[in-house]
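>>> Fold the following and give me the result.
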Amino acid sequence: MKVSARLKNLRVAPRKSRLLIGLIKGLDISDALIQLDDTVKKSSAPIKKLLESAIANGENNFGLDKSNLYVFDMKIQSGPVLKRWMPKAFGRAGKIMKRTSVIEITLEERIEGKGRKTKEEIEKEKQKRAEERKKQEKERSAQEKEEEKISEKGINKKVEKDQPVVNRKKEKSGWGSKIFRRKSM
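Coordinates of the predicted model:
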């Protein structure tokens with residue numbers, strides 16, 4: 001089964017981002033992620049994020065096994081071009097084309113149906129995740145309430161304590177004396 005993900009309007013020229021196609025096309029997912037981590041290109045981080053998105057699509061929507069997937073195809077096409085002007089000598093203007101790319105990654109299973117989950121299993125997992133989120137939210141809210149109670153008690157105790165009053169000699173206050181000095185220091 002094929003799974004795809006698409007990234008639109010990446011602000012990198014398609015010519016520059018196409019260099020990564022040859023590196024990861026045909027690789028297993030783990031190898032492709034490692035390859036993208038080690039590659040020093042501006043477009044490698046967004047492509048890695050897109051690959052992770054495609055993996056999540058396969059796992060969550062179709063119940064595919066992550067270890068059974070590989071990069072089947074990767075297309076990089078040109079997106080909309082932002083046209084700008086650069087001032088030149090003698091009143092001329094040079095054209096600047098800020099190109100964008102549209103990237104589409106397609107993943108496929110190495111062995112068809114290996115480790116695939118049924119729709120019922122996927123639904124059960126989604127319900128379990130939802131229940132876990134609810135439990136975590138309840139725990140967080142309970143902790144926040146406890147922290148508020150503790151902080152309120154701490155504030156009350158600080159106010160109740162009598163602190164000795166120290167008489168200090170008042171100095172001239174005001175910002176004028178700080179700015180306007182007769183003599184420099």
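
>>> Every contact and neighbour count from this point should use C-alpha atoms.
Will do.

>>> tally of neighbours for Ile105?
The tally of other residues near Ile105 (other Cα atoms under 10 Å) stands at 22.

>>> any idea whether it is helix, strand or coil?
strand (DSSP: H, G, I helix; E, B strand; the rest coil).

>>> what's the residue most central in space within the chain sitting at in phi/psi?
Among the residues of the chain, the one closest to the centroid is Lys49, at 8.3 Å (Cα atoms, centre = their mean). Torsion angles at Lys49 (phi, psi; degrees, to the nearest 10) stand at phi -60, psi -40.

>>> Against Gly113, how distant is it?
25 Å (Cα to Cα, to the nearest Å).

>>> ok so, going back, okay, the residue nearest to the centre of the chain: pLDDT?
The confidence metric pLDDT takes the value 96 at Lys49.

>>> Give me the distance between it and Arg18.
Counting by Cα to Cα - Lys49 and Arg18 are separated by 16 Å.

>>> With Asn61 instead?
28 Å.

>>> If you count surrounding residues, which of these two has more?
Neighbours were counted for Asn61 and for Arg18 using other Cα under 10 Å; Arg18 has more, 17 against 12.

>>> The helix or strand encompassing Ile122 packs against which elements?
Here Ile122, judged by DSSP states H and E, is contained in helix 119-160. Using 3 or more Cα pairs under 8 Å, 6 or more residues apart in numbering; DSSP states H and E as the contact test, no helix or strand touches helix 119-160.

>>> Could I get the average pLDDT for it?
pLDDT averaged over helix 119-160 gives 83.

>>> And the strands in the protein?
Taking DSSP state E as the criterion, the chain carries its strands at 2-10, 69-78, 82-87, 93-98, 101-109.

>>> Deepest-packed of these, please.
Ranked by mean neighbour count, these are led by strand 101-109 with a mean of 22 (mean count of other Cα atoms under 10 Å).

>>> What is the distance between it and the centre of its chain?
19 Å (Cα atoms, centre = their mean, to the nearest Å).

>>> Can you spell out which helices and strands pack onto it?
strand 2-10, helix 14-17, helix 44-62, strand 69-78.
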